[in-house]
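1. what would the 3D arrangement of this be:
(chains A and B)
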Amino acid sequence: DAGVTQSPTHLIKTRGQQVTLRCSPISGHKSVSWYQQVLGQGPQFIFQYYEKEERGRGNFPDRFSARQFPNYSSELNVNALLLGDSALYLCASSLGPGQGYGYTFGSGTRLTVV
Amino acid sequence: SQQGEEDPQALSIQEGENATMNCSYKTSINNLQWYRQNSGRGLVHLILIRSNEREKHSGRLRVTLDTSKKSSSLLITASRAADTASYFCATDAAAAGNKLTFGGGTRVLVKP
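-> Okay, here's the model as predicted:
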């Protein structure tokens, strides 16, 4: 059974550009969460989706947006990229939010903004 | 801001020794989870302890939770070089919208 898959694994973008990151959860998992991890720090929560609805949003600017599709896969979009957006973006899937289940993380997308 | 704070920030031990790291948090929680991360890759779920549990074991891992002190500890016994990684605690709290809130992590180096 495949784990959480994220694509691409690495990418380099220029300031001001836009980027779309993709995530496919574990089969049967209906909740997807996105986290940003800056080098040397712990992951910071960006979004949580469950059954295609936004269930939570972290303290990130409106340049960050996300959506979940009928097959429970998800996309994270970041517009007008800044140097400070350079980070590892992690996707996590779970059976559902707030149900005491552990989260399964993907290997992440390493975004470098130059 | 981060809910959980790990202590120490870094830890260096010899293979075979035990490694202990602590996590403190601020609000009431549903559960607390520990994750491992190797070299900036994805996080691996290690263990989940619910707020009504005090201790949990998984292989060489032992986790304790003290809700009165709002703290948890992770003990890795008989450490191996392969245990070299960053370890993060994460809290799942209703007050935080049931999302995971991570601490800054403990970087563990196990020397052969």
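2. near chain A, which residues of chain B?
-> Contacts of chain B with chain A, taken as C-beta under 8 Å from any C-beta of the partner chain, map to B:2, B:4, B:30-31, B:33, B:35, B:40-45, B:48, B:50, B:88, B:90, B:92, B:94, B:97-105. Placement of C-beta: from N, CA and C, glycine included.
3. leaving out the residues flanking it, which one is nearest to A:Ala80?
-> A:Arg63 (5.3 Å; C-beta to C-beta, 6 or more residues apart in numbering or on different chains).
4. then A:Ala92?
-> That would be A:Tyr103: by C-beta to C-beta, 6+ apart, it lies 4.1 Å from A:Ala92.
5. and B:Glu53, by the same measure?
-> B:Leu65 (6.2 Å).
6. then A:Gln68?
-> A:Tyr49 (3.9 Å).
7. can you tell me which residues contact the residue nearest to B:Ser58 when sequence neighbours are not counted?
-> Nearest residue to B:Ser58 in three dimensions, chain neighbours excluded: B:Ile47, at 5.0 Å (C-beta to C-beta, 6+ apart). Contacts for B:Ile47 (C-beta atoms under 8 Å, 6 or more residues apart in numbering or on different chains) come out as B:Gln33, B:Trp34, B:Lys56, B:Ser58, B:Leu61, B:Val63, B:Leu74.
8. also B:Asn31?
-> A:Gly100, B:Leu48, B:Ile49, B:Arg50, B:Ser51, B:Thr91, B:Asp92.
9. cool, B:Leu11 as well?
-> B:Leu11 neighbours (C-beta under 8 Å, 6+ apart): B:Ala19, B:Met21, B:Thr106, B:Arg107, B:Val108, B:Leu109.
10. can you rerun that using 6 Å?
-> Contacts for B:Leu11 (C-beta atoms under 6 Å, 6 or more residues apart in numbering or on different chains) come out as B:Ala19, B:Thr106, B:Val108.
11. can you check A:Phe64 too?
-> A:Ile46, A:Val78.
12. cool, B:Asn38 as well?
-> So B:Asn38 contacts B:Ala85 (C-beta under 6 Å, 6+ apart).
13. what about the residue nearest to B:Glu53, distance to B:Cys89?
-> B:Leu65 is 10 Å from B:Cys89, where distance means C-beta to C-beta, to the nearest Å.
14. these two: who's more crowded?
-> Between B:Leu65 and B:Cys89, B:Cys89 has the larger neighbour count (other C-beta atoms under 10 Å in any protein chain shown), namely 32 against 21.
15. what secondary structure does that one sit in?
-> Secondary structure, DSSP: H, G, I helix; E, B strand; the rest coil: B:Cys89 is strand.
16. pretty sure it is touching B:Gly103, no?
-> Yes: assessed by C-beta atoms under 6 Å, B:Cys89 is found in contact with B:Gly103 at 5.0 Å.
17. now stretch B:8-24 - C-alpha only, PDB.
-> Extracted in PDB, the C-alpha atoms of stretch B:8-24 (Å, rounded to 0.1, in the frame of the first residue of the first chain):
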ATOM      1  CA  PRO B   8      17.600  19.700  25.000                       C
ATOM      2  CA  GLN B   9      18.000  21.200  21.600                       C
ATOM      3  CA  ALA B  10      20.800  18.800  20.800                       C
ATOM      4  CA  LEU B  11      22.100  15.600  22.300                       C
ATOM      5  CA  SER B  12      25.200  13.600  21.600                       C
ATOM      6  CA  ILE B  13      25.700  10.100  23.000                       C
ATOM      7  CA  GLN B  14      27.600   6.900  22.400                       C
ATOM      8  CA  GLU B  15      26.000   3.800  20.800                       C
ATOM      9  CA  GLY B  16      24.400   1.700  23.500                       C
ATOM     10  CA  GLU B  17      23.600   4.600  25.800                       C
ATOM     11  CA  ASN B  18      20.100   5.800  26.500                       C
ATOM     12  CA  ALA B  19      18.800   9.100  25.100                       C
ATOM     13  CA  THR B  20      16.200  11.100  26.900                       C
ATOM     14  CA  MET B  21      14.400  14.200  25.600                       C
ATOM     15  CA  ASN B  22      11.700  16.300  27.100                       C
ATOM     16  CA  CYS B  23       8.700  18.200  25.700                       C
ATOM     17  CA  SER B  24       6.700  20.900  27.400                       C
END
